[in-house]
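In: build me a model:
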Amino acid sequence: MVAVVAHVALVVLAVLLVAQAGRVAARVLGQPPVIGEIVVGLLLAPAVLLVGGEPALEVVLPDQVLDLVKVVADAGLALFLVGLAGETGARRTTGGARSVVWLTACSLVPALAVGAGLALWVTGLGDQGLRGEASAGSFVLFMAVATAITAVPVLARILVDRDLMSSDVGRLALTSAVTMDVVCYLLLSLALGLRAGSLLGAVREILAMAVAGVTAMLVRRVLRGDRITGFVATRPLAAAAAVAVGAIGAAVVSRQVGLTTIFGAVVAGFAVPVDREPWRRAVESVARFGRSLVPVFFVTAGMSTVAGGQGGVRWLPAVVIGVSAVLVKIGGGYLGSRLGGSPPASSWRVGVLMNTKGLTELVVLQLGLGAGIITGSLFVALLLMAVVATALTQPLLSLVDLVDRRRAVAGHS
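Out: Coordinates of the predicted model:
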C-alpha cells in the first residue's frame, strides 16, 4: 500500500509540473493559462499510449493507482468548486436587473434549444457509437446543458487578464454566466436522475435538490452568527479545514443520493457566508488548494478520451456540434446584451465571453460519460467543442477591440 501511495504522489507531482509548463505555453500564445492545463492534461495519457503503447500506460497508471488519482482529482475539484460557489454567492452586479435578465434569457434559452436539437439529430443518425444507454429525456437534457453552460472560472480569469472585471461588460457577463450555470447545474442533476427513464427518479432528484437548497440557507444563517464568525477569525486553519471537510462531505453525500458531486460542492459553497471576512479568507485558502489539484482532473478526463477513442472520432458530429454551440452562444449573448441596452461593440464582447467553456464543460462531460449518457466518441466531439470555443475567446475579443478602435478613428477623421 505504501508503494501505491508513493506511486500516486509521483503521478500527481508529475501532472502538476506538466501543468505548469502548459500554463507557460498558453501565456506565450496569448491564451488563458487554464487552456494550457487542459490541453496538456488531456494529452498526457494519450501521449504515453502513443509512445509506449498499452504496457507503458499500465506501468504509469495501473488501475489501482488510477483509482486513487481519481479520488485526488474529485477532492481537488470539490474544494475548488466550493470556493467558486462562495465567490459567486458574494458577487453583485451594478448592470441593472433588466440587462441581466435579457442577457441570461438570450444566452441560455436558445442554447438549451439548440443543444436539445443536436441531441435529436445525433439520435436520428442511428450511430450506436454516439448515443449512450440513458433514456431519451436524459440525453436531450444533457446535450442542452453541454451546449448552454459557460465556464465561470475561465471567464473570471479572462476578465481579470483583460482588466474587465470592474467594467460594465465584465459585471454583466459574469453575473449572467453565474445565473445560467446555476440553472444548468439543476438541469444536469435532473438529467442524471432521468438516465434510467424513471419518473420517480427525477422526482427524487428534484426533492433532493430542494432539501439541499433549504439546508444550505439554514446553515448559512447559522454560520453568519457573530459568535461563530468570531471563532473563525481566531482559528483560520480550523475554519479552512471545516470548509474543506464540508465540501468533500457534501460532494460524497450528493453522489450517494443520486445527484452530482458538482451539485454537492456548489451547495456547500453557497452555505458559507463569504460576505463575512473571516469566512471569505477560509474559503479562499481552500479554493487555492483545490485549484492547484484541478490539473489532475484533466488527466483523468484524458484517460476517458483514451477509453472513448476506441470508437474513433466522429468528425461530422464534432464539427456540427462545435459550430452550432459557438454560434448560438455568441449570437445569443450579443442579442441579449443589445436588448438590455448595451452598445454594439460591448454586446459583441459579452457574446464572445458567453462562449467560454473550459473547466466547467469538462466536469459536465466527465459526469455524462461516467453515467453512460454519452459514449466515448461523443465525449471526444464535445471535448473538442469545449477546447476550441474557449481558445477562440481571447482572439475574438482582440478582434472586437481592433474593429472598435478602427471605427472610432474613422469616426474622428
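In: show me the contacts for the residue nearest to Leu141 when sequence neighbours are not counted.
Out: Nearest non-adjacent residue to Leu141, counting by C-beta to C-beta, 6 or more residues apart in numbering: Ala191, 3.8 Å away. C-beta coordinates here come from the backbone N, C-alpha and C atoms, glycine included. The neighbourhood of Ala191, defined by C-beta atoms under 8 Å, 6 or more residues apart in numbering, consists of Ala134, Gly137, Ser138, Phe139, Leu141, Phe142, Val145, Gly368, Ile373.
In: closest to Asp63 among these?
Out: Nearest to Asp63, judged by C-beta to C-beta, of the contacts of Ala191 is Gly368 at 22.4 Å.
In: any regions of the chain where pLDDT drops low?
Out: Counting by pLDDT under 70, the chain shows low-confidence ranges at 84-96, 196-202, 258-260, 304-313, 411-413.
In: ok, for the residue positioned nearest the centre of it, nearest residue in space, not its chain neighbours?
Out: Nearest to the mean C-alpha position of the chain, by C-alpha atoms, centre = their mean, lies Thr360 at 0.7 Å. In this structure, Thr360 finds its nearest non-sequential neighbour in Ala151, 4.0 Å apart by C-beta to C-beta, 6+ apart.
In: isn't that neighbour right next to Thr390, touching?
Out: Yes - using C-beta atoms under 8 Å, Ala151 makes contact with Thr390 at a distance of 6.9 Å.
In: mutual contacts of these two, please.
Out: Counting by C-beta under 8 Å, 6+ apart, the common neighbours of Ala151 and Thr390 are Thr356, Lys357, Gly358, Glu361.
In: emit the ChimeraX select command for whichever of the residues you listed are buried.
Out: To isolate the buried members of the shared contacts of Ala151 and Thr390 in ChimeraX, using 16 or more other C-beta atoms under 10 Å:
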select :356,357,358,361
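In: using a markdown table, lay out the shared contacts of Ala151 and Thr390 together with distance to Gly290 and secondary structure.
Out: Below are the shared contacts of Ala151 and Thr390 laid out as a markdown table (distance: C-beta to C-beta, whole Å; DSSP: H, G, I helix; E, B strand; the rest coil):
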| residue | distance to Gly290 | secondary structure |
| --- | --- | --- |
| Thr356 | 20 | coil |
| Lys357 | 20 | coil |
| Gly358 | 16 | coil |
| Glu361 | 18 | helix |
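In: among the shared contacts of Ala151 and Thr390, which one sits closest to Leu29?
Out: For the shared contacts of Ala151 and Thr390, the minimum distance to Leu29 (C-beta to C-beta) is 15.3 Å, reached by Gly358.
In: so what's Met385 closest to, chain neighbours aside?
Out: In space, and not counting its chain neighbours, Met385 is closest to Gly322: 4.1 Å by C-beta to C-beta, 6+ apart.
In: that neighbour contacts Leu384, correct?
Out: Yes - Gly322 is within contact range of Leu384, at 6.3 Å (criterion: C-beta under 8 Å).
In: neighbours of Ala97, how many?
Out: Using other C-beta atoms under 10 Å, Ala97 is surrounded by 10 other residues.
In: ugh, typo on my part, it should be Val388
Out: Counted by other C-beta under 10 Å, the residues lying close to Val388 total 15.
In: about what we covered before: from the contacts of Ala191, pick the one nearest Lys70.
Out: The shortest approach to Lys70 among the contacts of Ala191 belongs to Gly368, at 16.2 Å (C-beta to C-beta).
In: picking up where we left off before, gap between the residue nearest to Met385 and Leu125?
Out: Using C-beta to C-beta, to the nearest Å, Gly322 is found at 16 Å from Leu125.
In: what about the two, which has more around it?
Out: Neighbours per residue (other C-beta under 10 Å) separate Gly322 from Leu125, with Gly322 holding more: 18 against 13.
In: which helix runs longest in this protein?
Out: In the chain, with assignment by DSSP state H, the single longest helix is helix 376-412.
In: helices or strands up against that helix?
Out: When contacts are defined as 3 or more C-beta pairs under 8 Å, 6 or more residues apart in numbering; DSSP states H and E, helix 376-412 packs onto helix 33-60, helix 152-161, helix 277-308, helix 315-339, helix 344-354, helix 359-370.
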